[in-house]
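S.K.: sequence-free structure coming up:
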């Protein structure tokens, strides 16, 4: 490899050689050396230069070549002088030699890369810069200087080859990634479709078999056994569907956690309650030691799923009379939860593979291979998604202990469901003896099942198909609650129906519970759903949601509703009601009182007529025109003599006027309550 060369310096030196002391004439060997010491000095530089130097005429015939260039070409200097330069070029580039000479004649210089073939056939790459020398009285010639860049060019060619190869590989990877993404989309679409197709009949199978199980007198013993097999098989299939969908969401990164501060003791209690029937069936001793002071940053539903899965596995692999224990403790930044058992244990070779998909650890004590092999795989993914880890310690025939960590510090809060559409005033809902629930579902069997659940609980029910029919019926009936199926199966677009319900003034304030086979909770809450249940829905879970959002009026004959806008006035009236032995309910104005009356029917109403802006009289007037509340006894506390108009209003219903001007007004209030309500029922 030639040393770095300054073009300017070499051009200056070589110009001095061939300008100031030029050779007398072209000669077979080289120019005459009889020009004195100065010329000899420059000639020495020419001979000993490590750069590649040559001189040729304007026809391309070599006039002189320095030894470095000759050696690289595999020739002696004398062998090269007199040869045409293009004879040394590689055949592939010889055709461009006339253009090179033309540039030299017209522009006086040229630079670039040239490919030269050595005497031994090796191809060399030289980077050159050639200039024309015009000397007075002498023929013009061309001075050329070059450096050998063959190795550098080879390395650059290899580098480019590797870059091209990497680019092709990247392109192949991108194409494969697109194919994988397409396959994942198709898989997700397939799972979603199959989930819908499987959940829809399972909803009817599980729901109606549960209803049959509640009426055992209608079935003989053999039919009850058959029904038990149906219920068990349907729930097993449902669990398999849920596990496959959960695993698919986790793998696709679409399972989002709604994290918040969660009391570990509460979640553990819920999981233990759910596993108790299985514990009783297998005759297992269940123990728990979870302190009440441990809070974790977790998704409550998914944390309960982790605990329930580990507890159910422990019970499943523990023989009758064995023990399952749930413990928890706080470590630095984490909560450490352990589920141990005295079951069959796990061989050391399987203690890692049990967390793989579809791996089943072994035979249960009852001689069965139970489960789908997905539970522990989902548990590990959920724990890791929470930022923790899980491991197992086990010995065959000695039992197992599954331990996992979840962060105890609060990191993020769940996003609350948005309120009803801003700027839309909710229309007043008609008052009813019992709340009306509108069931919207295109599947007739699902409508009948949900309606049966709700009617048996004591609700009035109206049932319609899906989509636009739900919206139209809801605007007409103004129900207290709506259940909505959003799957587009013959009933239109359920998501659009949810948007329309939130936008219509008649229904913008009505709670909508999505009850569907489509597991898209985030979208449901984003569109304003009050709650979201995935079919097949558990009956008790459904009723818990409905009771919370549309509570049935509680019979409360021993309750007395008090209306007073001052804290001191409320305290006085509460003391009086307690003295009479009744249960006080307090409201600060008529609006709050009417809201409470929608939830509970008290035995009497005590109202202070000192409420501002005639609120007391307006509230009493609303009671008198409401057929459900017109007979509610009212005890009105008047601070002074009333006008005839107000007396006439109070006389329109069962109203008892008590003057606060009388000194024993409390005794009078207690006596009147006793006369109206009779002896109080104390709890």
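M.R.: Received the coordinates, thanks. Just so we're clear, the structure is a prediction, and the values are computed from it rather than from any experiment.
S.K.: ok, residue 634 - how many residues close by?
M.R.: Number of residues near residue 634 (other Cβ atoms under 10 Å) recorded here: 23. To be clear about C-beta, it is placed using only N, CA and C from the backbone, and glycine gets the same treatment.
S.K.: phi, psi of it?
M.R.: When quoted as degrees, to the nearest 10, the phi and psi of residue 634 stand at phi -120, psi 130.
S.K.: List the contacts of it.
M.R.: 604-607, 620, 623, 650, 653-656 (Cβ atoms under 8 Å, 6 or more residues apart in numbering).
S.K.: tell me the pLDDT at it?
M.R.: Residue 634 is assigned 87 on the pLDDT scale.
S.K.: Can you point out the buried residues in stretch 626-635?
M.R.: Neighbour-count burial for stretch 626-635, counted by 16 or more other Cβ atoms under 10 Å, picks out 629, 632-635.
S.K.: Pop the domain breakdown of the protein in here.
M.R.: With automatic domain parsing serving as the domain definition, the record reports that the chain contains domains spanning 7-148, 155-250, 259-407, 436-549, 554-677.
S.K.: Highest mean neighbour count out of these?
M.R.: domain 436-549 (a mean of 20; mean count of other Cβ atoms under 10 Å).
S.K.: Give me the average confidence score over that one.
M.R.: Mean per-residue pLDDT for domain 436-549: 86.
S.K.: what about that domain, start to end distance?
M.R.: Taking Cα to Cα, to the nearest Å, domain 436-549 runs 12 Å from one end to the other.
S.K.: And for stretch 481-500?
M.R.: Distances were taken as Cα to Cα; on that basis the terminal residues of stretch 481-500 are 15 Å apart.
S.K.: same thing with stretch 74-91?
M.R.: Span of stretch 74-91 from end to end, Cα to Cα: 18 Å.
S.K.: quick one: average pLDDT of that stretch?
M.R.: 89.
S.K.: and residue 617, what pLDDT?
M.R.: Here, the pLDDT recorded for residue 617 equals 80.
S.K.: about what we covered before: among the buried residues of stretch 626-635, which ones are in strands?
M.R.: Per DSSP state E, strands hold the following members of the buried residues of stretch 626-635: 634-635.
S.K.: give me phi/psi at the nearest residue to residue 398 once chain neighbours are set aside?
M.R.: Across the structure, with Cβ to Cβ, 6 or more residues apart in numbering as the measure, the residue nearest residue 398 apart from its sequence neighbours is residue 345 (5.3 Å). Summarising the backbone geometry of residue 345 under the convention degrees, to the nearest 10, its torsions are phi 80, psi 170.
S.K.: And for residue 599?
M.R.: The phi and psi torsions at residue 599 (degrees, to the nearest 10) take the values phi -110, psi -30.
S.K.: And it, how far from residue 623?
M.R.: Applying Cβ to Cβ, to the nearest Å, the value for residue 599 to residue 623 is 15 Å.
S.K.: I'd say the residue nearest to residue 398 and residue 401 touch.
M.R.: No - Residue 345 is not in contact with residue 401 according to Cβ atoms under 8 Å; the separation is 10.1 Å.
S.K.: Overlap of the contact sets of those two?
M.R.: When contacts are counted by Cβ under 8 Å, 6+ apart, the set common to residue 345 and residue 401 consists of residue 394.
S.K.: ok, back up a step: make JSON lines from the contacts of residue 634 and add secondary structure to it.
M.R.: Formatted as JSON lines, those follow (DSSP: H, G, I helix; E, B strand; the rest coil):
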{"residue": "604", "secondary structure": "strand"}
{"residue": "605", "secondary structure": "strand"}
{"residue": "606", "secondary structure": "strand"}
{"residue": "607", "secondary structure": "strand"}
{"residue": "620", "secondary structure": "helix"}
{"residue": "623", "secondary structure": "helix"}
{"residue": "650", "secondary structure": "helix"}
{"residue": "653", "secondary structure": "coil"}
{"residue": "654", "secondary structure": "coil"}
{"residue": "655", "secondary structure": "strand"}
{"residue": "656", "secondary structure": "strand"}
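S.K.: from those, which is closest to residue 517?
M.R.: Among those, residue 623 lies closest to residue 517 (Cβ to Cβ), at 44.8 Å.
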